[in-house]
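# Fold the following.
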Amino acid sequence: MIKTPTMRFYDTGFINKYQDFTQVQIFTAGKSILNLKMYKNQICSDTFSCLDYKSFNKQYLSSTYKKDFIKKLFEKDDKNIIFRDRQNSILIKVRKN
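Residues are numbered from 1 along each chain as shown. A predicted model of the protein is given here:
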């Protein structure tokens, strides 16, 4: 059995939309624990080098997801975003103030 890498964060963060990219920053106790920059064709982080969306999905989510799924999810204007994929054991909740 191959263990899939997981990302779990339950803390405060910021979603900033810029002209060329969307940035997601998550903090715990005032320390940055995740910093994602999502460009048109790639996603970059302080914890891994830039990946194309297909590779990111395969490694962290599911290879069945659309290419820029995560970028579109974070760019939604909804106050509460809930994405649940029981088949792949993925739950993403975003609550915006």
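# In this structure, where is pLDDT below threshold?
Where the chain drops to pLDDT under 70, the residues are 1-10.
# again, only using 80
1-11, 29-30 (pLDDT under 80).
# any chance you could map the helices in it?
Along the chain, the segments classed as helices by DSSP state H run 53-60, 69-75.
# Need those in TSV (columns: distance to residue 43).
Glycine gets a C-beta too; all of them are placed from N, C-alpha and C. Output for the helices of the chain, formatted as TSV (distance: least, CB to CB, whole Å):
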stretch	distance to residue 43
helix 53-60	5
helix 69-75	7
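# Can you show me the CA trace of stretch 60-72 as PDB?
Extracted C-alpha coordinates of stretch 60-72, given in PDB (Å, rounded to 0.1, in the frame of the first residue of the first chain):
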ATOM      1  CA  TYR A  60      -1.500  16.000  -3.100                       C
ATOM      2  CA  LEU A  61      -5.100  15.600  -4.300                       C
ATOM      3  CA  SER A  62      -6.300  13.300  -7.100                       C
ATOM      4  CA  SER A  63      -5.100  12.900 -10.700                       C
ATOM      5  CA  THR A  64      -8.800  12.900 -11.700                       C
ATOM      6  CA  TYR A  65      -9.300  16.600 -10.900                       C
ATOM      7  CA  LYS A  66      -9.300  19.300 -13.500                       C
ATOM      8  CA  LYS A  67      -5.900  20.900 -14.100                       C
ATOM      9  CA  ASP A  68      -6.500  24.200 -12.200                       C
ATOM     10  CA  PHE A  69      -9.000  22.800  -9.700                       C
ATOM     11  CA  ILE A  70      -7.300  24.100  -6.600                       C
ATOM     12  CA  LYS A  71      -6.700  27.600  -8.100                       C
ATOM     13  CA  LYS A  72     -10.400  28.000  -9.000                       C
END
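# which residues sit in contact with the closest residue to residue 78 other than its chain neighbours?
Sequence neighbours aside, residue 96 is the residue nearest to residue 78 in space, at 7.6 Å (criterion: CB to CB, 6 or more residues apart in numbering). Counting by CB atoms under 8 Å, 6 or more residues apart in numbering, residue 96 makes contact with 15, 78, 79, 80, 81.
# That'll do, ta.
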